[in-house]
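In: sequence first, predicted model second:
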Amino acid sequence: MARSFIQNLMRDLEAPIETRGFGTGWFAGFFGLLFSGVALCFVASMRWPGLFSTPELVAMEGSFAFRVLFQLLLIAGYALALLSLLLRPRKAIGFAALIVALAASLIASFDPSDARTGVFFGVDFFAVNLMATGLMFAPLERLFPHKREQRLFRVEWREDLFYFLVSSMMVQVLTFLALAPSQAVNASTGAFADFRAAVGAQPFALQLVEAMFLTDLVQYWFHRAFHRIPFLWGFHAVHHSAPAMDWLAGARMHFIEIALLRGVTSLPLLTLGFTPAAMQSYIGLVYVYSSLVHANLKGDFNLLGQFLVTPRFHHWHHGLEEEAIDINFAIHFPWLDRLFGTYRLPPSRWPKAYGAPEKVPEGFVAQFMYPFRRGR
């Protein structure tokens, strides 16, 4: 029965565009499910902070404003779920939103111990990340789409949402792996304390630009190596296997590549003396920027694209055409590709298709094992 309900929910979420316009209850059900799901993540992190909460967000979750936000999300989830049940002939999406809202309400009534376990899953980080990027780019893709026929729930959206969830919830493990290289460097370079102090004394805006340049320079060569070295390409092929481009497609990355990428790009941030404010601002910028350059947004931006990476620039990196192979490795500044001979941005043209030039299996587990089995 549960399996049948999930199948009905998937069909309702992926319903044809003509059956999910305003007044059909589809949007009410979708946003009811979204708000209820975020509320469920928030209440789990508040009730079991030792297991489900990111330490940096604990203080925020204890504030009055955060609890008001939780109540508003829960009320909105209930109201929209009921509206969807009233308007929509198919009830799966409305019932799902109602069930999730009820689960959040039940958990909110419990009061378990607040002891920390030492291991946590960042469901709060996932919820904040989803709210910040999803509610920003999903409406923009509906209003200004490059591919108008592409749906919100396009092919393989479930896989990419799962990648989004895993990378957010495994923030503790990823942070530990990413910090290891920088901690080793800091431990052996204590003589550079004065240099680090000088870097931290610079104006905030200058530190932010420097952080963008240094991490982009490091990531350019990291990115290029994952295209040129066959074994490393097996990991990166998972990212390129997304058959469609939107704000969620950027989340599809092999777990090992994420850990290596964060470890490498964190080196200049954590070893050169940048202030915590500059580093945190850059990290927030990267999350938004990554969603932006993968987004299904129209606009050639030929002039801006000479100086900053735009969606069209990065879409060419994911293109399947022969002219799109091994180009546009930069994440922020396309002039790095100009400097190193890998720049290509045909005026006012977009790739015709996206994906990896080889067959990458579907499913998270199969894709996790793919780099290790690919050589066979």
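Out: Noted; the coordinates are in hand. Given the structure is predicted, the values throughout are model-derived calculations rather than measurements. Residues are numbered from 1 along each chain as shown.
In: what ranges in the stretch 151-300 of the chain fall below the confidence cut-off?
Out: Applying pLDDT under 70 to the stretch 151-300 of the chain flags the ranges 168-181, 183, 190-191.
In: and the helices in it, which stretches?
Out: Using DSSP state H, counting those that start in this stretch, the helices of the stretch 151-300 of the chain run over 157-169, 171-187, 193-200, 204-228, 230-240, 255-271, 276-294.
In: can you pull the domain assignment for this structure?
Out: Split into domains by automatic domain parsing, the chain comes to 2-116, 171-373.
In: now the end-to-end length of stretch 142-151.
Out: Using Cα to Cα, to the nearest Å, the end-to-end distance of stretch 142-151 comes to 9 Å.
In: in that stretch, what counts as buried?
Out: Of the residues in stretch 142-151, 145, 146, 151 count as buried by neighbour count, 16 or more other Cβ atoms under 10 Å. (C-beta placed from N, C-alpha, C; glycine too.)
In: before we move on, the earlier item: just put the helices of the stretch 151-300 of the chain in CSV and tack on mean neighbour count and distance to residue 357.
Out: Output for these, formatted as CSV (neighbours: other Cβ atoms under 10 Å; distance: least, Cβ to Cβ, whole Å):
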stretch, mean neighbour count, distance to residue 357
helix 157-169, 19, 19
helix 171-187, 16, 28
helix 193-200, 13, 42
helix 204-228, 17, 11
helix 230-240, 19, 8
helix 255-271, 19, 18
helix 276-294, 17, 19
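In: now render those as a markdown table, adding distance to residue 88.
Out: Converted to a markdown table, the helices of the stretch 151-300 of the chain look like this (distance: least, Cβ to Cβ, whole Å):
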| stretch | distance to residue 88 |
| --- | --- |
| helix 157-169 | 20 |
| helix 171-187 | 36 |
| helix 193-200 | 55 |
| helix 204-228 | 44 |
| helix 230-240 | 36 |
| helix 255-271 | 37 |
| helix 276-294 | 29 |
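In: so which of those helices is nearest residue 346?
Out: With distances scored as Cβ to Cβ, the stretch of those nearest to residue 346 is helix 276-294 (17.0 Å).
In: what is whichever helix or strand residue 35 is part of packed up against?
Out: Secondary structure from DSSP states H and E places residue 35 in helix 26-47. Counting contacts by 3 or more Cβ pairs under 8 Å, 6 or more residues apart in numbering; DSSP states H and E, helix 26-47 packs against helix 2-13, helix 49-52, helix 58-61, helix 64-87, helix 92-108, helix 123-129.
In: looking at the ones you listed, which is closest to residue 216?
Out: Nearest to residue 216, of those and by Cβ to Cβ, is helix 123-129 at 21.6 Å.
In: residues in contact with the residue nearest to residue 352 when sequence neighbours are not counted?
Out: In space, and not counting its chain neighbours, residue 352 is closest to residue 321: 6.5 Å by Cβ to Cβ, 6 or more residues apart in numbering. Counting by Cβ atoms under 8 Å, 6 or more residues apart in numbering, residue 321 touches 351, 352, 353.
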